[in-house]
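Asker: Provide a 3D model corresponding to the input given below.
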Amino acid sequence: MTTKKAFQTHPIPGTVFDEIRASGVDPSGCPIERVVADGGEPLRCCLRDACPGEQAILFGYEPPPPRSPYRETEAVFAHAQRCAGPADTEEYSLSWRGRPQVAACLRPSRMDTRVIQDARRPRPSDSDHRDAFQP
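Answerer: Below you'll find the model as predicted:
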C-alpha cells in the first residue's frame with residue numbers, strides 16, 4: 001500500500017530577510033550582493049520570478065532543519081526591500097513549475113530531515129514537479 005503525503009511549501013521566514021537586509025551579511029557572515037534583476041531570478045521572499053530592473057539581493061542561506069549530512073548552503077535571491085511576501089503557500093508557485101532545476105533540486109524528506117532515497121525520480125516530462133516524487 002502506498003501512502004501519499006501532501007506537498008508542503010515552507011517559505012523562508014520574513015524575519016530572516018529583514019535581518020539580512022539590515023545587516024548586509026548572510027547568516028554565514030558573508031556580504032550580500034546587491035543586483036539589478038535581469039528577469040527570471042527566483043525571489044524567495046515572495047516565491048515568484050523577478051521582473052527585469054527590480055532591485056534584489058543575493059546571499060547564502062542554510063535552511064533551519066537539524067544538522068545532518070544533507071545540510072547545505074544555497075544561493076538565494078530576494079527583493080532588496082521588504083515586499084508583501086508570497087501570495088500563496090498552499091501550492092508551489094505556478095510560475096516555477098516546469099523549471100529545469102525544480103526536479104533536480106527538490107528532495108523529498110521525512111520529518112526527521114532524512115532524504116527519502118527510493119523516492120528520487122528522473123526529471124518529470126510534464127510541468128508538475130510533484131509527479132517526480134510519487135512512489
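Asker: Verify the stated contact: residue 61 with residue 73.
Answerer: Yes. If you go by C-beta atoms under 8 Å, residue 61 and residue 73 touch, sitting 6.6 Å apart. In short, each C-beta sits where N, CA and C put it, glycine included.
Asker: Compare these two and say which is more crowded by neighbours.
Answerer: When residue 61 and residue 73 are compared for neighbours, residue 61 comes out ahead with 19 against 14, by other C-beta atoms under 10 Å.
Asker: Look up the closest residue to that one, ignoring the ones flanking it.
Answerer: residue 76 (4.4 Å; C-beta to C-beta, 6 or more residues apart in numbering).
Asker: Give me the phi and psi for the one you found.
Answerer: Dihedral pair for residue 76: phi -130, psi 140, per degrees, to the nearest 10.
Asker: can I assume it is in contact with residue 58?
Answerer: Yes. Proximity of residue 76 to residue 58 meets the contact threshold set by C-beta under 8 Å, at 7.2 Å.
Asker: Quick check on the two: which one has the bigger neighbour count.
Answerer: More crowded of residue 76 and residue 58, by other C-beta under 10 Å: residue 76, with 22 against 14.
Asker: Kindly state the beta-bridge partners for the more buried one.
Answerer: residue 59 (DSSP bridges).
Asker: In contact with it: list those residues for me.
Answerer: The contact partners of residue 76, taken as C-beta atoms under 8 Å, 6 or more residues apart in numbering, are 12, 44, 58-61.
Asker: Farthest pair within these?
Answerer: By the measure C-beta to C-beta, 12 and 58 form the most distant pair in the contacts of residue 76, at 13.6 Å.
Asker: got the contact list for residue 36?
Answerer: Residue 36 neighbours (C-beta under 8 Å, 6+ apart): 53-56.
Asker: Can you tell me which of those residues are buried?
Answerer: By neighbour count, with 16 or more other C-beta atoms under 10 Å, those hold 54, 56 as buried.
Asker: Filter the contacts of residue 36 down to the ones in strands?
Answerer: 55-56 (DSSP state E).
Asker: and of the contacts of residue 36, the nearest to residue 84?
Answerer: residue 54 (13.6 Å).
Asker: Check the spacing between that closest one and residue 77 real quick.
Answerer: 10 Å (C-beta to C-beta, to the nearest Å).
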